[in-house]
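Need the 3D shape of this:
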Amino acid sequence: MDVKKFDLEQYRREMEVLIGSGPTAQLFYEALDFAAAAHEGQMRRSGDPYIIHPCSTARILAEELDIKNAEILAAALLHDTIEDVEEIVPALLRERFGPNVEAIVVGCTKVKHHSGDKQALKKLVHRQLFTGAAARPEVMIVKIADRLHNLRTLDSMPRHKRQRIADETLDFYAPLATILGLFAVKRELYNRSLANKFPKQGNKLQQHISRLESNPSLSSLTAKIEAALKAAGVAATVVIRTKGLWGYYDPKNHILRTEIEIPQEILITTGQRISCYQILGLLNEIYPPVPRTIRDFIANPKPTGYQGLHAKAIIDGSKYLFKIRTEEMARSAQCGLVKDWNPSDRKLDRFLTELQEMFDILGSDDAVSYREMIAASGRKEIYTYTPDGDLICLPVHSSVLDFAFHIHTDIGHSCVGAMIGKQRAEPGDLLQDGSVVRIIRQNTPVDFDLELQSRCQTPRARSELARAFRERIRHVAISTGRAVLEQEMRRYGLPFDLIEHPGMEHILLYFSIASRDELLQRVGQGRIHMRELIYEIRNGLLQNRELALQQPTGILNRIILTTVDPVVVKSSACCRPTPLDKGLVGLLSARGISLHCKDCFQLKKLKFQREDAVEVRWRLGDTPVPKPQKFVVADVTSNYLFSRLAEGPDELRVVQVSRLSGSPPGAAAGTWEVQFSVANLLGLKKIIRHLDRSFTACKFDFRQ
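Sure thing, here's the model as predicted:
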């Protein structure tokens, strides 16, 4: 194997051309010397000196993404030092290169020690990366450049590792590059990954792409356009770009398609902005555009800052996409959000703030699928408007809630619907391109359903909903924890007011807990070992009092709820309990309380500590039932049904009665669905009792 020599001085001279050698760049060259010494003697699998990799990562940032900031480039040089060199710790990097460089490098550093399986480790690595990028978006930029160089040097890896790296890139890094507007990097990430993931199909498809590129009719097409531009006195260059493998990838189904609608794009680059519109007019005369396909991203830039005019036209039976831009727009299109990135003098715009919000929620909420959120954020845009005509750019398939949260957080949290034109829409209804939306609000925050989070496409809407869900869980967990801890302490003969004792601060410190509310929250979520907590309270606060710490047995602790919020209380699918059932057991977790019937077969299989489960009851009269309910009765006549409904309790408020299509045609008796509303669980209990007395075949499923 030939070992590539790395000329450090030659690299230094090449980087001086890119970023200069003045005082502002000195930090980079200091980091270069430090990284070279740190990786001395380390080799890559290919046999090349390891220092080639971080140096290439930094060069990609400077040469291909126009990043000149010395701190980001220094972090790129150092991004593997903590992970690969035992002697180098974050504090050393902070001392030598400052807190910004340290933060970026730490954000790029993988988890070293993990006891779980490989899949759990992969998720942990990604969530740590998101957490770092939430504080420093530069972390993600360095990691994308790092991944690009790894893909360029993938040949030395065994096939199974190439496949694994390709899969991760397709799911993670390539879509993130799309979100950031790094379109040149995105295309290369996709092309290289797809070639490794689908070697045979990719090779066959690449031959098809090569035939498209060598089509002799393309030269006559460009010549015709150039002649028309020259005749009009417009200086411009015309290039036809054939889409690579990236254009044929279907990320939803994870397959390569054999054909796509627009395999080639015609890129026209000119000098001035006004010329772009002139060129569009000329093209419309030569090649009439497909109706409703002209998009003006100059007047209405994409969130990443991308600008250009787009139009589709059918030429000799094939559909083409025209992209008309100035030279500056074309350059910016390759670098997206990171062009001339300089955090010290750059104000975080709205898009970057939303990006950080997305990284924050992806790094902190295990319940959120980062693949789904990244895919949603990278979709094409739709343009919507406020009643005042303000433009709101959103991902395709965005909902009313996406629009509301984009305007303002408070508007999103109080949104109960919208008027789209003259039509009323619900918070989860989808918006169309060109929709004019007026948000309808209530005075208090709305308790949104869990399903709305998956309908939202923007990071801000999803993160705000997740934050609201966590707060609802926290509120109930604190009250649950208070009830559980009070009962446990009573079992041991400890007065509950001990938790207000000044010495409790030491116990909180022992468990690394910031406040008493957090302690109760952890107890209410089953995240603290109760026996250990009781032991510390007894020994720490009542040292002179003799108490027997025998493990309590028998009856579970009891909690009484006043909510059926599905974010907080979840009915298990195995036994489908309702709040009206007796003998319910709740398992405590960070995601809320999971309900089981006492004799549930799945519950008996689960292994859990007694203090991690509670007996759950409701204060029926104080527990509202916010959602409409329904029941189905079979083999009754309409007269009998309506007479029984009329005799029902006052709490029964019928909304709609429908005869189901499965009823025999012409028969007097049939199957009926009755929708009704009720104020609270006590009223619902009366209604269910009435239904049981009135109908022999009645099915009721409680809706939380």
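
pLDDT on stretch 236-243, on average?
Averaging pLDDT along stretch 236-243 gives 95.

going forward, begin numbering at 35 instead of 1
Renumbered: residue one is now 35, and that last one reads stretch 270-277.

Identify all contacting residues around that stretch.
243, 246-247, 252, 255-256, 259-260, 263, 294, 296-305, 309, 313 (Cβ atoms under 8 Å, 6 or more residues apart in numbering). No exception for glycine: its C-beta is placed from N, CA and C like everyone else's.

Go again with 7 Å.
Here stretch 270-277 makes contact (Cβ atoms under 7 Å, 6 or more residues apart in numbering) with 243, 246-247, 252, 256, 259-260, 263, 294, 297-304, 309, 313.

Now go through those and say which are in helices.
Among the contacts of stretch 270-277, the members falling in helices (DSSP state H) are 243, 246-247, 252, 256, 259-260, 263, 309, 313.

Pop out the phi and psi values for residue 619.
phi -110, psi 130 (degrees, to the nearest 10).

Show me the beta-bridge partners of it.
Following DSSP bridges, residue 619 is listed with bridge partners residue 630, residue 649.

Does it touch residue 647 like I think?
Yes. Contact criterion Cβ atoms under 7 Å: residue 619 and residue 647 qualify, at 5.5 Å.

Secondary structure of residue 688: a helix, I assume?
No. Using DSSP: H, G, I helix; E, B strand; the rest coil, the secondary structure at residue 688 is strand, not a helix.

and for residue 619 and residue 647, which residues touch both?
Common neighbours of residue 619 and residue 647 (Cβ under 7 Å, 6+ apart) are residue 590.

how near is the closest residue to residue 80 other than its chain neighbours to residue 165?
Leaving aside its sequence neighbours, residue 80 sits nearest to residue 190 (Cβ to Cβ, 6 or more residues apart in numbering; 3.8 Å). Going from residue 190 to residue 165 by Cβ to Cβ, to the nearest Å gives 31 Å.

same question, residue 72
25 Å.

So between those two, which is more surrounded?
A count of neighbours by other Cβ atoms under 10 Å puts residue 72 above the other of residue 72 and residue 165, at 21 against 16.

my guess is that one contacts residue 122, does it?
Yes. Counting by Cβ under 7 Å, residue 72 touches residue 122, with 5.9 Å between them.

what touches both of those two?
residue 115.

what kind of secondary structure is the residue nearest to residue 332 when sequence neighbours are not counted in?
Nearest residue to residue 332, sequence neighbours excluded (Cβ to Cβ, 6+ apart): residue 341, at 4.9 Å. Classification of residue 341 by three-state DSSP places it in coil.

Check the one 4 residues further on too.
Assigned state for residue 345: strand (three-state reduction, three-state DSSP).

Could you give the bridge partners of it?
residue 356.

Next, count neighbours for it.
Neighbours of residue 345 using other Cβ under 10 Å come to 21.

Would you check that it makes contact with residue 325?
No. Assessed by Cβ under 7 Å, residue 345 is found out of contact with residue 325, at 10.8 Å.

Residue 49 - how many residues pack around it?
21.

With the one 10 residues further on instead?
Residue 59: 19 surrounding residues under other Cβ under 10 Å.

my hunch is that it is in a helix, does that hold up?
Yes. Under three-state DSSP, residue 59 sits within a helix.

and it, what does it touch?
Neighbours of residue 59 in contact, by Cβ under 7 Å, 6+ apart: 53, 104.

which one is residue 392 nearest to, not counting chain neighbours?
Closest to residue 392 by Cβ to Cβ, 6+ apart is residue 493, at 3.0 Å.

in a strand, that's where residue 692 is, yeah?
Yes. When three-state DSSP is applied, residue 692 is found to be in a strand.

who are the neighbours in contact with the residue lying closest to it once chain neighbours are set aside?
Using Cβ to Cβ, 6+ apart and skipping residues adjacent in sequence, the residue nearest residue 692 is residue 707, 4.8 Å away. Applying Cβ under 7 Å, 6+ apart, we find residue 707 in contact with 664, 666, 692, 694.

of those residues, closest to residue 626?
Residue 626 lies nearest to residue 664 out of those, by Cβ to Cβ, at 24.7 Å.

That concludes my questions; thank you for your assistance.
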